[in-house]
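Asker: Give me coordinates for this.
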Amino acid sequence: MELELSELILVNLVKSDNFLRQVIPFIKPEYFGKKANRLIFEIIEKHVLDYNVAPQPEVLFIEIDKVKETSQGIIEDATALVKVIAETEVATNEQWLIDQAEGFCQDQALYNALLTSIQITENKKEVQGLAKGAIPQLFQDALGVSFDTSIGHNLFDDASARYDKYHLKSEKIKFDLKYFNIVTNGGVEPGTLNLLAAGTGVGKSLTMCHMSAANLLDGKNVLYITLEMSEEKITERIEANLLDIAINDISLLPKDVYLKKIIKLKNKIVGNLIVREYPTTCAGSSHFRHLLNELKQKKNFVPDIIYIDYINLCMSSRLKYTGVNSYNYIKSVAEELRGLAMEVNLPIWSATQLNRTGFSNSDAGVEHTSDSFGLPMTADFMVILLQSEEMEKLNQILVKQTTKNRYGDPAKYKRFIVGVDKSKMRLYDIEQAAQEEIEHDDDSSVFDNSSSGERINDEGKKHKFNRKAFENFK
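Answerer: Here you go, the predicted model:
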């Protein structure tokens with residue numbers, strides 16, 4: 001008897017333990033078109049889950065006899081197939097069969113997605129709880145079917161590949177600012193969530209717009225998602241940086257002059273920029289994932305880096321805001337965005353506000369993060385932007401490293417200064433003398449400048465710490 005591929009897969013699931021372990025995590029019952037074949041697979045799958053071994057043909061006979069809620073014809077076909085399984089030898093070329101099984105699963109997944117999509121379209125209603133909006137995801141899931149045989153990274157066997165990755169500099173997205181590159185060892189990495197924290201008006205969006213412009217000049221594709229400002233406002237900020245024109249002067253340019261500058265810029269830049277606006281708190285990781293798919297399908301646009309302005313304005317795809325405290329909700333948003341970064345293997349930049357205490361603090365830390373301390377806990381890299389009135393007059397921003405730096409040593413260059421030109425939405429490196437002054441003061445503690453902080457400072461001067469008073473404390 002000549003076996004179909006689906007039946008040959010069933011034979012080897014029962015008789016080859018190695019084949020079973022490699023493929024059963026990826027096979028689904030709905031991949032089997034014949035109901036008898038599906039029934040046998042479901043019995044095999046359940047037995048493996050319960051006993052961690054494949055069932056013998058005798059077990060299959062017994063389990064088939066127990067099945068009540070199916071037709072006699074399916075029972076007879078399943079029984080006949082088990083007899084064939086018992087008499088058939090395993091495939092001599094197991095790797096060939098594994099490859100064939102992968103192709104079988106991919107084809108069946110695509111066929112099922114197509115069939116479900118047709119049913120949704122023809123019925124003009126939900127099928128299996130799915131509406132029209134789910135059709136792109138159906139095909140994405142089907143096309144993503146793959147037998148991932150990796151079961152972890154081996155210290156010894158994978159040493160060569162690991163060494164090559166250590167020295168693969170091109171993976172990082174570098175900055176055009178000296179000290180940002182120093183503290184990150186050359187830039188941010190794919191699959192990471194990176195955060196800027198600052199008070200209102202200090203320059204969170206400005207910094208992300210400047211970074212976007214620098215990425216474009218470096219030949220990268222940039223996706224900028226905004227939940228606060230309009231698409232046009234964000235684009236205007238980035239082009240002010242690129243065109244080296246004050247943002248308020250762009251609208252004063254004659255249209256022909258403006259378009260000539262844009263054409264000249266387009267010829268100069270290899271990368272591209274897409275800015276997408278979503279209503280505040282109405283979009284999250286699932287929407288961004290769908291956007292990435294649409295951009296790839298409709299515009300052939302695949303970003304190298306993503307900016308989200310900003311994280312506190314995103315919605316969670318897992319939790320409903322009602323009845324959930326801000327810590328858990330914002331932490332969930334951060335986890336979902338970091339998960340998205342890992343899934344698409346891209347770096348994501350976002351920003352968050354400092355709380356009221358942090359805004360009036362000249363040495364704010366991660367404890368002053370607004371809404372949720374879960375943000376710095378989840379992020380791979382986080383810096384705080386600070387600006388006093390004096391620094392604002394000098395057109396400078398103080399950048400303070402936090403303890404969250406998975407690229408390098410957060411104790412090295414704890415604070416550094418960048419220059420800022422707010423009219424052109426641009427950051428720039430400043431003279432070394434200013435940096436050396438900051439580095440000299442790096443270990444000095446600057447306490448809270450809020451009214452409560454000043455009061456605590458004054459009280460501290462009056463009541464010095466008495467170590468002897470605690471000598472007998474146990």
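Asker: Give me the buried stretch members for the longest strand along the chain, please.
Answerer: Taking DSSP state E as the assignment, the strand of the chain that covers the most residues is strand 396-405. Within strand 396-405, the residues that qualify as buried are 396-402, 404-405, counting by 16 or more other C-beta atoms under 10 Å. C-beta here means a position set from N, CA and C on the backbone, and glycine is covered the same way.
Asker: repeat for stretch 243-254
Answerer: If you call a residue buried by 16+ other C-beta under 10 Å, then stretch 243-254 has these buried ones: 243, 245, 247.
Asker: ditto for stretch 53-60
Answerer: Of the residues in stretch 53-60, those buried by neighbour count under the rule 16+ other C-beta under 10 Å are 54-55, 59-60.
Asker: Over to stretch 282-295?
Answerer: By neighbour count with 16+ other C-beta under 10 Å, stretch 282-295 contains the buried residues 283-285, 287-289, 291-292, 295.
Asker: Keep only those of these that are in helices.
Answerer: 285, 287-289, 291-292, 295 (DSSP state H).
Asker: How is residue 418 assigned, secondary-structure-wise?
Answerer: Here residue 418 is recorded as strand under DSSP: H, G, I helix; E, B strand; the rest coil.
Asker: just to revisit the earlier point, show me which of the buried residues of stretch 282-295 is closest to residue 160.
Answerer: Of all the buried residues of stretch 282-295, residue 160 sits closest to residue 292, with 32.3 Å by C-beta to C-beta.
Asker: Give the closest residue to that closest one in space, chain neighbours not counted.
Answerer: Take residue 292 and drop its neighbours on the chain: the residue closest to it by C-beta to C-beta, 6 or more residues apart in numbering is residue 344, 6.2 Å away.
Asker: how close does the one you found sit to residue 15?
Answerer: Distance from residue 344 to residue 15, counting by C-beta to C-beta, to the nearest Å: 40 Å.
Asker: same question, residue 66
Answerer: The value you get for residue 66 to residue 15, if C-beta to C-beta is used, is 22 Å.
Asker: Looking at the two now, which is surrounded by more residues?
Answerer: Shown here are residue 66 and residue 15; by other C-beta atoms under 10 Å, residue 15 has more neighbours (18 against 7).
Asker: Check what pLDDT the more buried one gets.
Answerer: Reading off the per-residue confidence, residue 15 sits at a pLDDT of 94.
Asker: thinking it is in contact with residue 90, fair?
Answerer: Yes. Counting by C-beta atoms under 8 Å, residue 15 sits close enough to residue 90 to count as a contact (4.7 Å).
Asker: Pull out the buried positions in the helix or strand hosting residue 433.
Answerer: Using DSSP states H and E, residue 433 sits in helix 432-440. Of the residues in helix 432-440, those scored as buried under the neighbour-count criterion (16+ other C-beta under 10 Å) are 435, 438.
Asker: swap in stretch 405-417?
Answerer: Applying 16+ other C-beta under 10 Å to stretch 405-417 flags 405, 407, 410, 413-417 as buried.
Asker: Could you pull out the strands in the stretch 351-474 of the chain for me?
Answerer: In order along the chain, the stretch 351-474 of the chain carries the following strands (DSSP state E, counting those that start in this stretch): 381-386, 396-405, 415-421, 426-428.
Asker: What count of nearby residues applies to the residue nearest to residue 292?
Answerer: The number of residues near residue 344, taken as other C-beta under 10 Å, comes to 16.
Asker: if we can go back for a sec, among the buried residues of stretch 405-417, which pair sits farthest apart?
Answerer: Of all pairs drawn from the buried residues of stretch 405-417, the greatest distance, 20.0 Å, lies between 407 and 417 (C-beta to C-beta).
Asker: residue boundaries of the strands in the chain?
Answerer: Under the criterion DSSP E, the chain carries strands at the ranges 193-198, 222-226, 273-277, 305-309, 348-353, 381-386, 396-405, 415-421, 426-428.
Asker: Save those as TSV, and put in mean pLDDT and distance to residue 331 too.
Answerer: As requested, those are arranged in TSV below (pLDDT from 0 to 100; distance: least, C-beta to C-beta, whole Å):
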stretch	mean pLDDT	distance to residue 331
strand 193-198	95	12
strand 222-226	98	20
strand 273-277	97	24
strand 305-309	97	16
strand 348-353	96	12
strand 381-386	94	14
strand 396-405	92	14
strand 415-421	95	27
strand 426-428	96	29
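Asker: follow-up on the earlier one: need the max-distance pair from the ones in helices among the buried residues of stretch 282-295.
Answerer: In these, two members sit farther apart than any others by C-beta to C-beta. They are 285 and 295, at 15.4 Å.
Asker: what number of residues lie near the closest residue in space to residue 175 that isn't next to it in sequence?
Answerer: Once its chain neighbours are removed from consideration, residue 175 has its nearest residue in residue 181; the separation is 5.0 Å (C-beta to C-beta, 6+ apart). Per other C-beta under 10 Å, the neighbour tally for residue 181 reads 14.
Asker: Would you check that my belief about residue 181 contacting residue 172 is correct?
Answerer: No. Under the criterion of C-beta under 8 Å, residue 181 is not in contact with residue 172, lying 9.2 Å apart.
Asker: Pull up the overlap in contacts between the two.
Answerer: Shared contacts of residue 181 and residue 172, defined by C-beta atoms under 8 Å, 6 or more residues apart in numbering, comprise residue 187.
Asker: all helices of the stretch 51-200 of the chain, in order?
Answerer: Per DSSP state H, counting those that start in this stretch, the stretch 51-200 of the chain has helices spanning 57-66, 72-87, 94-123, 135-143, 159-166, 178-183. These are given in chain order.
Asker: Of all these, which one comes closest to residue 19?
Answerer: Using C-beta to C-beta, these put helix 94-123 closest to residue 19, at 5.8 Å.
Asker: How far off centre is the closest one?
Answerer: 27 Å (C-alpha atoms, centre = their mean, to the nearest Å).
Asker: That one to helix 135-143, inter-axis angle?
Answerer: Computed with axes from the mean of the first three to the mean of the last three C-alpha atoms, to 10 degrees, the direction of helix 94-123 lies at 170 degrees from that of helix 135-143.
Asker: and residue 222, what are its bridge partners?
Answerer: According to DSSP bridges, residue 273, residue 305 are recorded as the beta-bridge partners of residue 222.
Asker: Quick check: it vs residue 295, distance?
Answerer: The spacing between residue 222 and residue 295, counted by C-beta to C-beta, is 12 Å.
Asker: helices and strands of the protein: which one has the lowest mean pLDDT?
Answerer: For the chain, counting by mean pLDDT, DSSP states H and E, helix 451-462 ranks last in confidence among helices and strands (a mean of 44).
Asker: What separation is there between residue 19 and residue 27?
Answerer: Here the distance between residue 19 and residue 27 works out to 11 Å (C-beta to C-beta).
Asker: Now do the residue lying closest to residue 313 once chain neighbours are set aside, the pLDDT please.
Answerer: Of all residues beyond its chain neighbours, the one nearest residue 313 is residue 227 (3.9 Å), with distances taken as C-beta to C-beta, 6+ apart. Confidence per residue is given as pLDDT, and for residue 227 that number is 95.
Asker: Please look at residue 227 and residue 275 and confirm they touch.
Answerer: No. Taking contacts as C-beta under 8 Å, residue 227 lies outside contact range of residue 275: 11.8 Å.
Asker: hang on, the earlier thing: pick the most buried one from the helices of the stretch 51-200 of the chain.
Answerer: Comparing the helices of the stretch 51-200 of the chain by mean neighbour count (mean count of other C-beta atoms under 10 Å), helix 178-183 ranks first with a mean of 18.
Asker: Fine, thanks again, bye for now.
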